[in-house]
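Trainee: A structural model of the following input is requested.
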Amino acid sequence: MDVERTTRTFTDFFRERGHSLIPGHSLIPPPGDPVLFTTSGMHPLTPYLEGRPHPQGRRLVDVQRCLRTTDLEEVGDDTHLTVFEMLGSWSLGDYPGMQSLIWGYELLRDGFGISTDRLHVTVFGGDDQIGPDETSVRTWENLGVPIELTRDENWWSNGPTGPCGPDSEIFVWTGETPPQGTPTTDPGWTEMWNHVMMRYRRHDDGSLELLVPERVDTGMGLERLLTILQNQGSVFDCDIFQPWTKTVPNLWDLDDRSVRIVVDHLRSSVVVIGDGVRPSNTQRGYVLRRLIRRVLTTLWRTDPTRTLGDLPIDPIQHTVEHFRQDTKVPTVREIMQSEEDRFRSLMTKGRTIVSRHRSRGSGSLTDDDYRYLHDTHGLPRDLVDLLDEPPLTQPVG
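Mentor: Next comes the predicted model:
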């Protein structure tokens, strides 16, 4: 099940059940949206989940690229990515959550060949306002899937007010032993697919109003699904990352975690550039700048002579084509190289500033020192830490 077959299996399954395949959107939300980047598959569909008619009907399916800066520090482990893709299906008041759960079970079993004895689900068990999600409980009982009831973990909302409701998460056993425990008690259970039943609308006073008809929103991470289908231990071992994971270790001698950070951030930078963002000191441009500079910080920690100019075109081209972007590879390389040149200049200047600042004090840099260096000279903490280490050689430029 390579990436193309996996996405096609997902979208074809829902198209056969009356869902219209809608195109994935850019990472850049439309004007007026306060969010910097699209963070979930449902984000572009928010107006339609609120009740606006969708031009392609009430049953939808898509593959949507997303970016989450909240997970930036976690990148380097087995599951977290900056840019990732979500497989999503929706009912805009057409069918209930029970139907979505049944189809989800059938797709995992028949479409992806996942043994049903490796499945476990969590279901909302009730709180002070709402009772347990009995419909989902009965559905999973009829399908023979073990259930764990939770509270906050299975209640979805998009904010303090607006549509909300219980959700049911499907987990797949990825441990080395036969399945044991439950999703909240054993890390061998990997979260795979979330089905949200938007049955209520929360008002400013906290009260809940029944939302009729209910909307259904599901989301499943493509890379996490590939990890399971391809029997890999990490998202970085899946075929979708091969152009990068075969290139970076041969280009630069890095430890495993550093390879993952460089692969993720370079690939994410390509996608962000492909969606029209350019490095800057604010907003989306700052996120892109931070990604590129984190790559360079990682590379230069052991060898400041390394350069992004050595990066071949193949992984960049593969990423641009996979995300169906119009950006030219030379444009991407030029933007990255220009940002590297700016960063090298800042490194040269920063080393002098940090050295001078340290000479005026004593001991380790304090939090106030870091804030001063950032606010006055634009030196982020990770760069200051790098500058504070003795380099193997002086940075070029």
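
Trainee: Next SSE downstream of the strand or helix carrying residue 200?
Mentor: In this structure, residue 200 sits in strand 189-202 according to DSSP states H and E. Proceeding N to C from strand 189-202, the next assigned helix or strand is strand 208-221, under DSSP H and E.

Trainee: ok, that following strand: who's next to it in the sheet?
Mentor: strand 83-91 (antiparallel), strand 189-202 (antiparallel) (DSSP bridges).

Trainee: Contacts for it next, please.
Mentor: Around strand 208-221, the neighbours that count as contacts under C-beta atoms under 8 Å, 6 or more residues apart in numbering are 10, 40-42, 45, 49, 84-97, 99-100, 104, 129-130, 163-165, 192-203. For every residue, glycine as well, the C-beta is placed using N, CA and C.

Trainee: buried stuff in the strand holding residue 200?
Mentor: Of the residues in strand 189-202, those buried under the neighbour-count criterion (16 or more other C-beta atoms under 10 Å) are 189-190, 192-202.

Trainee: can you check stretch 160-175 too?
Mentor: Of all the residues in stretch 160-175, those buried under the rule 16+ other C-beta under 10 Å are 162-174.

Trainee: could these go into JSON lines alongside secondary structure, pLDDT and distance to residue 252?
Mentor: Conversion of the buried residues of stretch 160-175 to JSON lines gives the following (DSSP: H, G, I helix; E, B strand; the rest coil; pLDDT from 0 to 100; distance: C-beta to C-beta, whole Å):
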{"residue": "162", "secondary structure": "strand", "pLDDT": "89", "distance to residue 252": "46"}
{"residue": "163", "secondary structure": "strand", "pLDDT": "91", "distance to residue 252": "46"}
{"residue": "164", "secondary structure": "strand", "pLDDT": "94", "distance to residue 252": "46"}
{"residue": "165", "secondary structure": "strand", "pLDDT": "96", "distance to residue 252": "47"}
{"residue": "166", "secondary structure": "strand", "pLDDT": "97", "distance to residue 252": "47"}
{"residue": "167", "secondary structure": "strand", "pLDDT": "97", "distance to residue 252": "42"}
{"residue": "168", "secondary structure": "strand", "pLDDT": "98", "distance to residue 252": "43"}
{"residue": "169", "secondary structure": "strand", "pLDDT": "98", "distance to residue 252": "38"}
{"residue": "170", "secondary structure": "strand", "pLDDT": "98", "distance to residue 252": "38"}
{"residue": "171", "secondary structure": "strand", "pLDDT": "98", "distance to residue 252": "36"}
{"residue": "172", "secondary structure": "strand", "pLDDT": "97", "distance to residue 252": "34"}
{"residue": "173", "secondary structure": "strand", "pLDDT": "96", "distance to residue 252": "36"}
{"residue": "174", "secondary structure": "coil", "pLDDT": "94", "distance to residue 252": "30"}
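
Trainee: which one of those residues is nearest residue 141?
Mentor: Proximity of the buried residues of stretch 160-175 to residue 141 (C-beta to C-beta) peaks at residue 168, which lies at 12.3 Å.

Trainee: Quick check, that closest one in contact with residue 122.
Mentor: Yes: with contact defined as C-beta atoms under 8 Å, residue 168 reaches residue 122; the gap is 6.8 Å.

Trainee: shared neighbours, those two?
Mentor: residue 154.

Trainee: Closest one of the buried residues of strand 189-202 to residue 113?
Mentor: Of all those, residue 192 has the smallest distance to residue 113: 13.7 Å, by C-beta to C-beta.

Trainee: Quick check: closest non-adjacent residue to residue 2.
Mentor: Distances taken as C-beta to C-beta, 6 or more residues apart in numbering place residue 239 nearest to residue 2, at 5.1 Å, with adjacent residues excluded.

Trainee: Kindly report the same for residue 125.
Mentor: Among residues not flanking residue 125 along the chain, residue 149 sits closest, at 3.1 Å (C-beta to C-beta, 6+ apart).

Trainee: Paired strands for the helix or strand harbouring the one you found, with orientation please.
Mentor: Under DSSP H and E, the secondary-structure element containing residue 149 is strand 147-150. Applying DSSP bridges to the sheet, strand 147-150 is found paired with strand 119-124 (parallel).

Trainee: Can you show me the CA trace of the helix or strand containing residue 371 as PDB?
Mentor: Secondary-structure assignment from DSSP H and E places residue 371 in helix 367-377. Extracted in PDB, the C-alpha atoms of helix 367-377 (Å, rounded to 0.1, in the frame of the first residue of the first chain):
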ATOM      1  CA  ASP A 367      16.200  34.100  30.800                       C
ATOM      2  CA  ASP A 368      16.500  37.900  30.900                       C
ATOM      3  CA  ASP A 369      19.700  37.700  28.800                       C
ATOM      4  CA  TYR A 370      17.900  35.600  26.200                       C
ATOM      5  CA  ARG A 371      15.000  38.000  26.100                       C
ATOM      6  CA  TYR A 372      17.400  41.000  25.700                       C
ATOM      7  CA  LEU A 373      19.300  39.300  22.900                       C
ATOM      8  CA  HIS A 374      16.000  38.400  21.100                       C
ATOM      9  CA  ASP A 375      14.200  41.600  21.600                       C
ATOM     10  CA  THR A 376      17.200  43.900  20.900                       C
ATOM     11  CA  HIS A 377      19.200  42.000  18.400                       C
END
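
Trainee: re earlier: measure the residue nearest to residue 125 to residue 140 for me?
Mentor: As for residue 149, its distance to residue 140 is 11 Å (criterion: C-beta to C-beta, to the nearest Å).

Trainee: Spit out the residues that contact these two alike.
Mentor: With contacts defined as C-beta under 8 Å, 6+ apart, the residues shared by residue 149 and residue 140 are residue 123.

Trainee: And those two? Which one has more around it.
Mentor: The residue with the greater number of neighbours, taking residue 149 and residue 140 and applying other C-beta atoms under 10 Å, is residue 140; the counts read 23 against 15.

Trainee: Per-residue pLDDT of the more buried one, please?
Mentor: In this model, residue 140 is scored at 98, pLDDT.
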